[in-house]
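> pasting the sequence and the predicted model now:
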Amino acid sequence: MASDETPRFAADRMLMRLARWLRLAGADVIADDSIDGAGLLRRARIENRILLTRDKRLRTASDVFFVESNDLREQLRGVLGHFAIDPTAHAFTRCSRCNAVLAPVERELVSRRVPPYVFASHDRFAECLSCGRIYWPETHQNRIAVILESMKPLSHGGTK
Ligand SMILES: [Zn+2]
C-alpha cells in the first residue's frame, strides 16, 4: 500500500490510547468519546474512515477493524501490521492529542512556551495549530520513537 493511500481511521471510546499512538505514528485518527460506536461508524463512513472498535456488535460490519486485544502494544502492532503502515515513516507529524497536522515553528517563537532546558538543547520545533502544543524531537519522544521502531515488521534482512 503506497503511503499516500494510508487509510484514515476513527477510534471508538475504548481505544483512545490506541488513537493517540497511531497519531504519533502519523496516522489520521479521529476519536470522540462522546459518541457511541454506531454513531461513530456513521461518521466514519461519511468521512471514508475505517472504524477501529472493541465493540463485538460491530465486528461483522463493513469498514470496521475489530480490535481483539486489550493490550495497547498488541493493538498497535495489529493495526499497523494489518494496514501495512510503517510506524516510523511519518512519525511525529501529527498532534497526538487532537489529530491536527503539525507545522514547523520558528525557534524564537517558542522561547517562552517550552521549558528553558528544552529551548536551550533543541533547534527544531513543531506546533499543533489546533491546540498549540509544542513538539520537539528527542526527550519524551525518544521513548516513543523506540517503541514505534519496535513495531516495524521484521523484514529486509539487513547486513547486521
Ligand atoms: Zn493538538
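Nice, thanks for sending it over.
> ok, the spatially most central residue of the chain - contacts?
Closest residue to the average C-alpha location of the chain: Arg23 at 1.5 Å, with Cα atoms, centre = their mean. Residues near Arg23 by Cβ atoms under 8 Å, 6 or more residues apart in numbering: 29, 94-96, 99. (Each C-beta comes from the backbone N, C-alpha and C, glycine too.)
> from the residues you listed, which two are the most distant?
Spatially, the most separated pair among these is Val29 and Cys95, at 10.9 Å (Cβ to Cβ).
> residues in contact with the helix or strand of the chain with the lowest mean pLDDT?
Lowest by mean pLDDT, DSSP states H and E among the helices and strands of the chain is helix 140-150, with a mean of 78. For helix 140-150, contacts defined as Cβ under 8 Å, 6+ apart pick out 24-25, 73, 87-88, 91-92, 135.
> residues near Leu109, how many?
Here the number of neighbours of Leu109 (other Cβ atoms under 10 Å) works out to 11.
> likewise for the one 5 residues further on?
Using other Cβ under 10 Å, the number of residues around Val114 comes to 17.
> was I right about it contacting Ile134?
Yes. At 5.4 Å, Val114 counts as touching Ile134 under the criterion of Cβ atoms under 8 Å.
> which neighbours do the two share?
Taking Cβ under 8 Å, 6+ apart as the criterion, Val114 and Ile134 both touch Phe125.
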